[in-house]
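> I would like to see how this sequence folds:
(3 chains)
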Amino acid sequence: MLPRGFYERPAIDVARALLGKVLLHGGVSGRIVETEAYLGLTDAAAHAFHGPTPRTQVIFGPPGHAYVYLSYGIHDCLNVVAEPPGSPGCVLIRAVEPLTGIAAMRRRRHTDRLENLANGPGKLTQALGITLRHNGADLTRGALTLHEPSSAEPFEIAISPRVGITHNADWPLRFYIAGSRFLSRHLKPPGDATLKKHAQIDDIS
DNA sequence: CAATAGATCATCT
DNA sequence: GATGATCTATTGC
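Below you'll find the predicted structure:
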């Protein structure tokens, strides 16, 4: 079980440190392969940016708790509260690699494909059975917990801009395990994009 | 494979 | 009354 102190540091540090850790709920677990940091009052993309509200108060509370919100009216998304009380940093869990309880995941997700069970913030909550009821839950004790992996193979951390936001869209606050098959988005091809533009130029001329 | 439309509702203005 | 830290199916190349 990760101790409270694990979460009591800057959100960016927690986002990086959470990679490779294990998220467990009711016998169903996954290895975290993708996270995003949200910096609170200095970050217009963060829910906490406008100060505490009934919804976001948990982000301003003690670290090591869950902030779960409803996304686009449909999906429950899981955040981990970081930083000391009053400092509203948090980390969005964007993807996990299925480890245990895979049968239950397949049932909840209505799909068999391993790579499609929990490769997105809305998908992993559905796969693990995490809902708005877990908002405010203490991650250091209770049904929803985080752990050190039993076997830790080394991995490389890659960085990119965050996904799906309109503010600070260029801030490099998304962290993921390089080469993982379980990411919410696949890597951009290394080449440039000039080839595509030719077609449009040809159309005009 | 890439782009896009539609679903759907708690939260805040 | 507008707005998303998304997902899926569908359409178009």
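
> So the nearest residue to residue A:3 once chain neighbours are set aside versus DNA strand C, what's the distance?
Leaving aside its sequence neighbours, residue A:3 sits nearest to residue A:140 (C-beta to C-beta, 6 or more residues apart in numbering; 6.6 Å). Bear in mind the C-beta positions are built from the backbone N, C-alpha and C, glycine included. Separation of residue A:140 from DNA strand C (C-beta to the nearest atom of the strand, to the nearest Å): 20 Å.

> Please, which helix or strand holds residue A:140?
Under DSSP states H and E, no helix or strand contains residue A:140.

> Torsion angles phi and psi at residue A:41?
Residue A:41 adopts backbone torsions of phi -70, psi -20, taken as degrees, to the nearest 10.

> swap in residue A:33?
Residue A:33 adopts backbone torsions of phi -120, psi -10, taken as degrees, to the nearest 10.

> Pick out the residue closest to the middle of chain A.
When C-alpha atoms, centre = their mean is applied to chain A, the residue found nearest the centroid is residue A:93 (1.6 Å).

> Contacts (any at all) between DNA strand C and stretch A:82-98?
Yes - Stretch A:82-98 reaches DNA strand C (C-beta under 7 Å from any atom of the strand) through A:90, A:92.

> how long is stretch A:47-54 end to end?
One end of stretch A:47-54 to the other measures 12 Å (C-alpha to C-alpha, to the nearest Å).

> For it, which outside residues touch it?
Stretch A:47-54 is contacted from outside by A:38, A:40, A:41, A:43, A:55, A:56, A:59, A:60, A:67, A:69, A:88, A:90, using C-beta atoms under 8 Å, 6 or more residues apart in numbering.

> Using CSV, lay out the residues you listed together with secondary structure, neighbour count and distance to residue A:183.
Below are these laid out as CSV (DSSP: H, G, I helix; E, B strand; the rest coil; neighbours: other C-beta atoms under 10 Å; distance: C-beta to C-beta, whole Å):
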residue, secondary structure, neighbour count, distance to residue A:183
A:38, strand, 27, 19
A:40, helix, 22, 25
A:41, helix, 14, 29
A:43, coil, 21, 23
A:55, coil, 13, 28
A:56, helix, 20, 27
A:59, helix, 26, 25
A:60, helix, 21, 30
A:67, strand, 27, 22
A:69, strand, 17, 22
A:88, coil, 28, 27
A:90, strand, 29, 20
